[in-house]
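# Compute the structure for the input listed below.
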Amino acid sequence: MSDKTMTAEEVVSRLESGMTLGIGGWGSRRKPMALVRALLRSRITDLTVVSYGGPDVGMLAASGRIRKLVAAFVTLDSIPLEPHYRAARELGAFELMEVDEAMFLAGLRAASHRLPFLPMRAGLGSDVMRVNPGLRTVTSPYEDGETFVAMPALRLDAALVHVNRADRLGNGQYLGPDPYFDDLFCEAAEAAYVSCEQVVDTAELTKAAPPQSLLLKRHTVTGVVEAPNGAHFTSCAPDYGRDEAFQKRYATTPWPEFEARFLGGDEQAYRAAVGEES
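Numbering: from 1, shown residues only. This next block holds a predicted model:
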């Protein structure tokens, strides 16, 4: 067992253009935004992004970093459609594979189990098959002979996720109401990087929370980044809620202006700029 702590910049130094990158969280909830901002400060581009999308997708799309997006939705929750994503999509800036939420989940599960696909009923009889002509169906080999969608595995070169607490070995803990699917993102990836609000000793993880809150297992985690407020401006319950005022500023500001104002420097500069807005 080894110390896996590193900086956000060290995480990004391990990523490359052209990778398939999974980003955990859900909409505008518990997104690894400190890692996304570090990625935006790099020259990495041509990414295939796999995400239950929120501002992570919006920022990467607006900055021209996405070649292909695999998503079930891209939302800011209180703002139904992510505006910077929408603008980039309307310009045809990247390829889109849009699937049902359950199909997306099955793709992560298939990858986590090292299977090429998982059969499922979701998608049958819908336009999902029409807009994704690459999807295939399979027939049950048993007496029922039922036809299923063969959802392909969503294999990831790397995953970025954010949790409330983690230890130096890579065990990650969520304390909010929903684990989302961050564990599957890590299991589906060749390398998984976890940012957290606080790095604590292993024994501290279960002192005030049940063992089932240990969402991420160390054998699936490559690196751990301590990033207080690292999900801002998305929520990270119970540590903090979504910064609705700042999210509205993000959604209503032209991307070049927002990028210059808030993303032109390092993480400390970002926090200072946010503080000036508060």
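# Which helix or strand contains the residue of the chain positioned farthest from its centre?
For the chain, the largest distance from the centre (CA atoms, centre = their mean) belongs to residue 143, which lies 39.7 Å off. Counting by DSSP states H and E, there is no helix or strand that carries residue 143.
# Also residue 89?
Judged by DSSP H and E, residue 89 forms part of helix 83-90.
# Please identify the buried residues of that helix?
Going by neighbour count (16 or more other CB atoms under 10 Å), the buried part of helix 83-90 is 83-85, 88-89. Glycine gets a C-beta too; all of them are placed from N, C-alpha and C.
# just the residues you listed now: which is nearest residue 171?
Nearest to residue 171 among the buried residues of helix 83-90, counting by CB to CB, is residue 85 at 32.7 Å.
# pLDDT score for the closest one?
Per-residue pLDDT puts residue 85 at 98.
# try residue 278
For residue 278, pLDDT reads 73.
# List the backbone torsions phi and psi for the residue farthest from the centre of the chain.
phi -60, psi -30 (degrees, to the nearest 10).
# Run through the residues that contact it.
Contacts for residue 143 were tallied using CB atoms under 8 Å, 6 or more residues apart in numbering; there are none.
# what does the one 10 residues further on give?
For residue 153, the residues meeting the contact criterion (CB under 8 Å, 6+ apart) are 107, 110-111, 114-118, 188.
# any idea how far it is from residue 90?
Distance of residue 153 to residue 90, computed by CB to CB, to the nearest Å: 30 Å.
# and what of residue 151?
From residue 151 over to residue 90 (counting by CB to CB), the distance is 27 Å.
# and what of residue 128?
In terms of CB to CB, residue 128 sits 21 Å off from residue 90.
# which residues in the chain form helices?
8-13, 33-40, 55-62, 83-90, 101-112, 128-131, 182-187, 244-252, 255-262, 267-277 (DSSP state H).
# among those helices, which is nearest residue 203?
Among the helices of the chain, helix 182-187 comes nearest to residue 203, with 21.4 Å by CB to CB.
# Which residues outside that closest one are in contact with it?
By CB under 8 Å, 6+ apart, helix 182-187 touches 22-25, 30, 50, 105, 108-109, 111-112, 156, 159, 161-163, 172, 174, 192, 194, 215-217, 220-221.
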